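Asker: show me the folded form of this:
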Amino acid sequence: MIGLLIITVNLVGALGAPVLAPFPEAEIVGDAWAEPSPAFWMGLDNLGRDIFSRLLFGARMSIGLSLMITALSFTIGIITGFAAAIAKGWVDTLLSRLVDLMLAMPTLIFAFVVLSALGTDLAVMVVTLAILDGVKVFRVARALAMNISALEYVEVARLRGEGLWWIITREVLPNAMLPLIAEFGLRFTFAFLFVAALSFLGLGVQPPAADWGSMVRDYRDVIALDVPAPLFPAAAIALMTIGVNFVVDWLAQINTRGLGDAK
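Answerer: Residues are numbered from 1 along each chain as shown. Just a heads-up that it's a prediction; the model follows:
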């Protein structure tokens, strides 16, 4: 319940940012580093922009990008993983070797190289991170599909002459949904932290757009001056991660309990 509450608050803030934010995200409304006041709840940043407003717009950017990355990575990983497990033979061998090759590369360095070469456009970042995350989803999806495809009802579907797509969507996917949903939450967390890390390093969301990682980067120098500005986006990143992990752990317990009951 705590995890769901945290996620709900963040989603409301992200979706309602244009309505809830007192000021536009890039508007200069006062002096740099003005202290919190009734007009500026969290104070102003290094350029005199309202930190609370940027935090709300940053939620939209950080959560939205992470959801897009995770959704695309799951689309890639589930389709290829299920296809490899069900088709077997050369399809499984080819896809598995490609995934092994991708996993052999350090993820952060690979992302640095691609973003440095192709630029920091958001579309490039989403596709790059989705592919890097998709290979991890592939392994989970393939393992699930290998177990499910060995069951009797899948064999019956094969004997009826059903095609690969029908078996994936009608037989395997519905019976793998719960562990995949838990994995989705886990992969979202990694994508969320990865986007924040890239923005902190200057390779993610570019100004004047706000996201929580770039806000921590912009405000980090004043932490020694007892200015609380960098603590707000850092706490938002931590809370969102904790909330998603609470829900993922709960789903994992349900899945484990269900497997125990089945046994």
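
Asker: buried residues, the stretch of helix or strand residue 69 belongs to. List them.
Answerer: According to DSSP states H and E, residue 69 maps onto helix 51-87. Neighbour-count burial for helix 51-87 flags 51-63, 65-74, 76-86 (criterion: 16 or more other C-beta atoms under 10 Å). All C-beta spots, glycine's among them, are computed from the backbone N, C-alpha and C.

Asker: ditto for stretch 152-172
Answerer: 154, 157, 167, 168, 171, 172.

Asker: avg pLDDT for it?
Answerer: Average pLDDT, stretch 152-172: 81.

Asker: run through who's touching it.
Answerer: 79, 82, 83, 85, 86, 87, 144, 145, 148, 149 (C-beta atoms under 8 Å, 6 or more residues apart in numbering).

Asker: the last one and residue 85 touch, don't they?
Answerer: Think residue 149. Yes. With contact defined as C-beta atoms under 8 Å, residue 149 counts as touching residue 85 (5.6 Å).

Asker: ok, back up a step: can you lay out the buried residues of stretch 152-172 as CSV showing distance to residue 216 and secondary structure?
Answerer: Formatted as CSV, the buried residues of stretch 152-172 follow (distance: C-beta to C-beta, whole Å; DSSP: H, G, I helix; E, B strand; the rest coil):
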residue, distance to residue 216, secondary structure
154, 48, helix
157, 50, helix
167, 46, helix
168, 41, helix
171, 46, helix
172, 41, helix
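
Asker: for the residues you listed, which one is nearest residue 26?
Answerer: residue 168 (45.0 Å; C-beta to C-beta).

Asker: ok, now how distant is the closest one from residue 77?
Answerer: Using C-beta to C-beta, to the nearest Å, residue 168 is found at 13 Å from residue 77.

Asker: cool, residue 174 as well?
Answerer: In terms of C-beta to C-beta, residue 174 sits 17 Å off from residue 77.

Asker: contacting residues for residue 112?
Answerer: Per C-beta under 8 Å, 6+ apart, neighbours of residue 112: residue 203.

Asker: now the helix or strand hosting it: buried residues?
Answerer: Remark: residue 112 resides in helix 107-118, with elements defined by DSSP H and E. For helix 107-118, the neighbour count (16+ other C-beta under 10 Å) marks 107, 111, 114, 115 as buried.

Asker: so residue 11 sits right up against residue 63, yeah?
Answerer: Yes. At 7.1 Å, residue 11 counts as touching residue 63 under the criterion of C-beta under 8 Å.

Asker: where in the chain is pLDDT low?
Answerer: Scanning the chain for pLDDT under 70 picks out the ranges 255-263.

Asker: which residue ranges form the helices in it?
Answerer: Remark: helices assigned in the chain by DSSP state H are 2-15, 17-20, 51-87, 89-103, 107-118, 122-149, 152-159, 164-166, 177-200, 212-219, 231-262.

Asker: which of those helices sits closest to residue 39?
Answerer: helix 51-87 (10.3 Å).

Asker: how far does that closest one sit from the chain's center?
Answerer: Centre-to-centre, helix 51-87 and its host chain are 5 Å apart (C-alpha atoms, centre = their mean, to the nearest Å).

Asker: so which elements touch that helix?
Answerer: helix 2-15, helix 17-20, helix 89-103, helix 122-149, helix 164-166, helix 177-200, helix 212-219, helix 231-262 (3 or more C-beta pairs under 8 Å, 6 or more residues apart in numbering; DSSP states H and E).

Asker: just want the angle from the longest one to helix 212-219.
Answerer: Helix 231-262 and helix 212-219 meet at an angle of 150 degrees, taking axes from the mean of the first three to the mean of the last three C-alpha atoms, to 10 degrees as the criterion.
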